[in-house]
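**Q** Quick one, structure for this:
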Amino acid sequence: MSRPLLVIDGDSFAHRSYHALPKTIRRRGGKGAGAIVGFVNFLLRLYFDEQPRAVLVGWDTLDAPTYRHEALPLYQSGRDFDAELLDQLEILPQFVTACGFTAAKAAGFEADDFLAAAVAQEERRGGSAIVASGDRDAFQLASAKTVILQPVRAGQMVRIGPAEVRGRYGVEPRQVPDFIALRGDSSDRIPGAKGVGPKSAAALLQRYGSLEAALVTGRFSEQAEELRLYRRIATMNADAPLPPLADQIADWSAAAALARSWELGKLAERLAALAREPTR
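**A** Residues are numbered from 1 along each chain as shown. Okay, the predicted model is just below:
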């Protein structure tokens, strides 16, 4: 049985870790380390639970706008991240590559785009993928070959496939961007169609099949171009540039050395112990 490609939304898990762990966790120079330690815990758990052939972690580039921000200035507006979180987000890709895994980050693209590109590439080669993300936008990637791992309370993870997307939203995974465009997304500041909520958005897509088909009939004529824009913004860009994704062997020794250089002693010891286990 072939092993899956594990694709992780790095920003999603780093943010969750930063807000879940004590701010008293520090690294060299007295700098924050809670997001680092929490993210590494997620990464190791996912790696050993899923036994992937390779790992790709996608990252946002927060200091460069994407076409989404340029097309809709309201998009993700009002977000304000602590300086300590930004500092840790900047160096976490170094840890990913030290582990022997792949970090994907480029100006003009979001972590979501790298997730979509990796899934599309893996499915084309006949493989399967596991996508770990706390962002429900990732539901659009669910398929017969790709499952979404969504974190829920108490550290639990639930597996989301096409059936679960239909059960939660009442639409197919491919319709999720249309659904978001109609319903809106308060976290990303996408307004949606006037007077349309989740149930009516699902009902419209069940009736027409797509947002475009509904617009062609004259529905939402005053908002048609806005809704097309919202759909484009909600669609993950599978054309994001990907580095090679050959099979990988984890390098826990290099990861331990990096953790040690950051003066994260307990984390370094844990990684060094993994390096001494031949089956790891």
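**Q** Where does pLDDT dip in this protein?
**A** Flagging of the chain using pLDDT under 70 yields the residue ranges 1, 78, 279-280.
**Q** what residues go with each domain of it?
**A** 5-161+237-274, 168-234 (automatic domain parsing).
**Q** Export the ones you listed as a markdown table, with columns for mean neighbour count.
**A** Using the backbone N, CA and C atoms, a C-beta is placed for each residue, glycine as well. Below are these laid out as a markdown table (neighbours: other CB atoms under 10 Å):
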| stretch | mean neighbour count |
| --- | --- |
| domain 5-161+237-274 | 18 |
| domain 168-234 | 18 |
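**Q** In contact with the closest residue to residue 148 other than its chain neighbours, which residues?
**A** In space, and not counting its chain neighbours, residue 148 is closest to residue 160: 4.0 Å by CB to CB, 6 or more residues apart in numbering. When contacts are counted by CB atoms under 8 Å, 6 or more residues apart in numbering, residue 160 touches 139, 142, 147-150, 168.
**Q** In helices, which of those residues fall?
**A** Among the contacts of residue 160, DSSP state H puts residue 168 in helices.
**Q** now the contacts of residue 160 in JSON lines, with distance to residue 71?
**A** Formatted as JSON lines, the contacts of residue 160 follow (distance: CB to CB, whole Å):
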{"residue": "139", "distance to residue 71": "22"}
{"residue": "142", "distance to residue 71": "26"}
{"residue": "147", "distance to residue 71": "31"}
{"residue": "148", "distance to residue 71": "26"}
{"residue": "149", "distance to residue 71": "30"}
{"residue": "150", "distance to residue 71": "27"}
{"residue": "168", "distance to residue 71": "28"}
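**Q** What is the nearest of the contacts of residue 160 to residue 44?
**A** residue 149 (14.3 Å; CB to CB).
**Q** Can you verify my assumption that that closest one contacts residue 161?
**A** No. Residue 149 is beyond contact range of residue 161, at 10.9 Å (criterion: CB atoms under 8 Å).
**Q** Check the offset of the helix or strand harbouring residue 272 from the chain's centre.
**A** Assigned by DSSP states H and E, residue 272 belongs to helix 265-275. Its chain's C-alpha centre and that of helix 265-275 lie 26 Å apart, by CA atoms, centre = their mean, to the nearest Å.
**Q** doesn't residue 17 fall inside a helix?
**A** Yes. Counting by DSSP: H, G, I helix; E, B strand; the rest coil, one finds residue 17 located in a helix.
**Q** ok, which stretches of the stretch 101-250 of the chain are strands?
**A** Using DSSP state E, counting those that start in this stretch, the strands of the stretch 101-250 of the chain run over residues 102-104, 129-132, 146-151, 157-160.
**Q** Next, format these as JSON lines and append distance to residue 65.
**A** Shown next, in JSON lines, are the strands of the stretch 101-250 of the chain (distance: least, CB to CB, whole Å):
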{"stretch": "strand 102-104", "distance to residue 65": "18"}
{"stretch": "strand 129-132", "distance to residue 65": "25"}
{"stretch": "strand 146-151", "distance to residue 65": "27"}
{"stretch": "strand 157-160", "distance to residue 65": "30"}
